[in-house]
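**Q** no sequence for this one, just the structure:
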């Protein structure tokens with residue numbers, strides 16, 4: 001993601017609106033329509049504003065203890081109709097509880113807790129993560 005890891009800082013993604021525009025541009029360039037957006041950790045800074053502004057363009061949303069959930073209100077989350085699978089590891093005692101507290105206001109959500117997994121639960125328990133993800137994908141229209 002621009003501005004994270006070893007990527008150079010990018011001025012256009014400093015604001016939530018800029019991050020929405022970036023993600024929109026990526027989807028357009030790739031020709032992807034109605035994707036399922038899987039969003040672990042820091043990618044929440046991009047996915048959450050996109051979900052709240054353009055969630056109707058998504059077939060589904062899979063937040064994995066994303067950052068930034070506290071930046072939005074319960075009412076903003078309640079307006080989203082995108083099917084959502086909230087995933088986190090039970091050993092993620094830092095970010096996961098806060099993310100769940102906020103994301104549980106999404107009306108079309110399910111929660112999967114991966115026992116014995118930490119913040120990067122998809123790395124700690126890949127089989128369990130993929131089983132949950134594939135089950136969610138099969139239920140989408």
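**A** Structure received. Here the structure is a predicted model, which is why all the values come from computation and not from measurement.

**Q** in stretch 121-135, what counts as buried?
**A** Buried residues in stretch 121-135, counted by 16 or more other CB atoms under 10 Å: 121-122, 124-125, 128-129, 132-133. (C-beta placed from N, C-alpha, C; glycine too.)

**Q** Quick check: chain neighbours aside, which residue is closest to residue 136?
**A** residue 85 (4.2 Å; CB to CB, 6 or more residues apart in numbering).

**Q** That neighbour falls within a helix, correct?
**A** No - membership of residue 85 in a helix is not supported by DSSP: H, G, I helix; E, B strand; the rest coil, which gives strand.

**Q** Beta-bridge partners for it, please?
**A** Note on residue 85: beta-bridge partners by DSSP bridges are residue 110.

**Q** That one and residue 59 touch, don't they?
**A** No - when contacts are counted by CB atoms under 8 Å, residue 85 is not listed as touching residue 59 (11.7 Å).

**Q** still on that earlier bit, show me which pair in the buried residues of stretch 121-135 is furthest apart.
**A** Pairwise distances across the buried residues of stretch 121-135 peak at 14.5 Å for 124 and 133 (criterion: CB to CB).

**Q** picking up where we left off before, between residue 85 and residue 59, which one's more packed in?
**A** Taking neighbours as other CB atoms under 10 Å, residue 85 and residue 59 compare with residue 85 leading, 23 against 14.

**Q** So residue 113 sits against residue 90, correct?
**A** Yes - judged on CB under 8 Å, residue 113 makes contact with residue 90 at a distance of 5.2 Å.

**Q** For the protein, give me the ranges with low pLDDT.
**A** Low-confidence segments of the chain, defined by pLDDT under 70, span residues 8-9.

**Q** Could you rerun that using 80?
**A** 1-13, 141 (pLDDT under 80).

**Q** And the strands in it, which stretches?
**A** Listed in chain order, the strands found in the chain under DSSP state E are 36-40, 60-64, 84-89, 109-114.

**Q** Residue 47 is nearest to which of those strands?
**A** Nearest to residue 47, of all these, is strand 36-40, at 3.7 Å by CB to CB.
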